[in-house]
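K.L.:
Just need the structure, nothing else, for what follows:
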Amino acid sequence: PPGAKEWGRTPRWKKRIRVGLAAIPLLIACFFFWGIVVEPNRLVTRTETIPINNWPKELEGLKVAVLSDIHAGSWGIDDKKLRLIVARTNQLQPDMIVILGDYMTGNGTFRERVDPEVFAPVLRDLRAPLGVYSVLGNHDWWWDAPRLRRGLEANGIKVLDDEVFEITGRGRSVWLAGLADLWTRPQRIEQTIAKTPADATVIAITHNPDIFPRVPQRVQLLLAGHTHGAQISFPLIGPIVEPSTYGFAWGHFFQNNHHLFVTTGIGNSIIPIRFGVPPEIVLLTIKSR
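P.N.:
Purely as a prediction, here's the structure:
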């Protein structure tokens, strides 16, 4: 009769519930497989153009390779990966390379600290005509920043800690200002920028992007890392944690008439998972707006 249930037949809605419940463990397993086995072992190269008002014509098209948060010895960051990072960066043929801190990691499950005397000689092979420059991050200061700095500079990577450096190329100078890590060092942002000439073209590099609201406007561009892009970001939902007080999780930001770029970095911290946020090397091309 109409509306009567067939004997021994389960209603469709119950079957759908059972299928949905059965799929949950499979989805969880896929998440952990991708997040632990696949994505941390990837290395993508990404290009982006930053248009800046009144950028000098002599420096038009300046290419800057941006690396950060290597965390040598963390899950997926072994000697082979370090050499791949160097090779992929060199293939981009940048004019300048910046490394934005957090080379170190602590000992523990899924990670084993690698000392700078081991990984810095690998990074020595990075090549850029205008040089390789760096700042130090919170993990570096929690470890032994002076020792790390010595190891990097012995291998051709200049470290700037509240210091500035004049880079001359294409007949025009650009000043690079290295600003100290927000979490572990006193902040001397204005004093550091004041070391550059008043009419200078200035790019600043730091570890933590949350200093951006305090950076003077005459710094045309600030480059930062630290956030790892939250490490886990689901489609439609987005990151499961907010790694920046101001929402500077990753990418290009324009506020108060100057620019910030945040890279998601390469290694991982706290948990050995990356999902939706692959390790990256970014090549920025700076042009006049």
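K.L.:
what are the ranges of the helices in this structure?
P.N.:
For the chain, applying DSSP state H gives helices covering 12-32, 79-91, 116-123, 138-143, 145-153, 189-193.
K.L.:
Would you single out the least confident of those helices?
P.N.:
Lowest mean pLDDT within these: helix 12-32, at a mean of 63.
K.L.:
and the closest residue to Leu284 other than its chain neighbours, bridged to which residues?
P.N.:
Computed as CB to CB, 6 or more residues apart in numbering, the closest residue to Leu284 that is not its neighbour in sequence is Val64, at 4.7 Å. The C-beta positions use only the backbone N, C-alpha and C, and glycine is treated the same way. With DSSP bridges as the criterion, Val64 is bridged to Met96, Leu284.
K.L.:
And the pLDDT at Val64?
P.N.:
The model reports Val64 with a pLDDT of 98.
K.L.:
Counting neighbours, what do you get for it?
P.N.:
When counting by other CB atoms under 10 Å, one arrives at 26 neighbours for Val64.
K.L.:
pretty sure it contacts Asp95?
P.N.:
Yes: the criterion here is CB atoms under 8 Å, and Val64 meets it with Asp95 at 6.8 Å.
K.L.:
show me what contacts Ala198?
P.N.:
Residues counted as contacts of Ala198 (CB atoms under 8 Å, 6 or more residues apart in numbering) are Arg218.
K.L.:
cool, Trp183 as well?
P.N.:
Asn138, Asn208.
K.L.:
Let me know the distance separating it from Ile266.
P.N.:
19 Å (CB to CB, to the nearest Å).
K.L.:
before we move on, what about Asp69?
P.N.:
Taken as CB to CB, the span from Asp69 to Ile266 is 6 Å.
K.L.:
okay but Ala154 is in contact with Leu148, surely?
P.N.:
No: Ala154 is not in contact with Leu148 according to CB under 8 Å; the separation is 10.8 Å.
K.L.:
Give me the more crowded residue out of these two.
P.N.:
Remark: of Ala154 and Leu148, Leu148 carries more neighbours, 25 against 13, as counted by other CB under 10 Å.
K.L.:
Need the per-residue pLDDT for Gly101.
P.N.:
Here, the pLDDT recorded for Gly101 equals 97.
K.L.:
give me phi/psi at it?
P.N.:
phi 90, psi 180 (degrees, to the nearest 10).
K.L.:
Check the closest residue to it other than its chain neighbours and give its pLDDT.
P.N.:
Nearest non-adjacent residue to Gly101, counting by CB to CB, 6+ apart: Gly137, 2.9 Å away. On the pLDDT scale, Gly137 is placed at 97.
K.L.:
Quickly note the distance from Gly137 to Leu148.
P.N.:
For Gly137 relative to Leu148 (CB to CB), the value is 10 Å.
K.L.:
what touches both of those two?
P.N.:
Tyr103.
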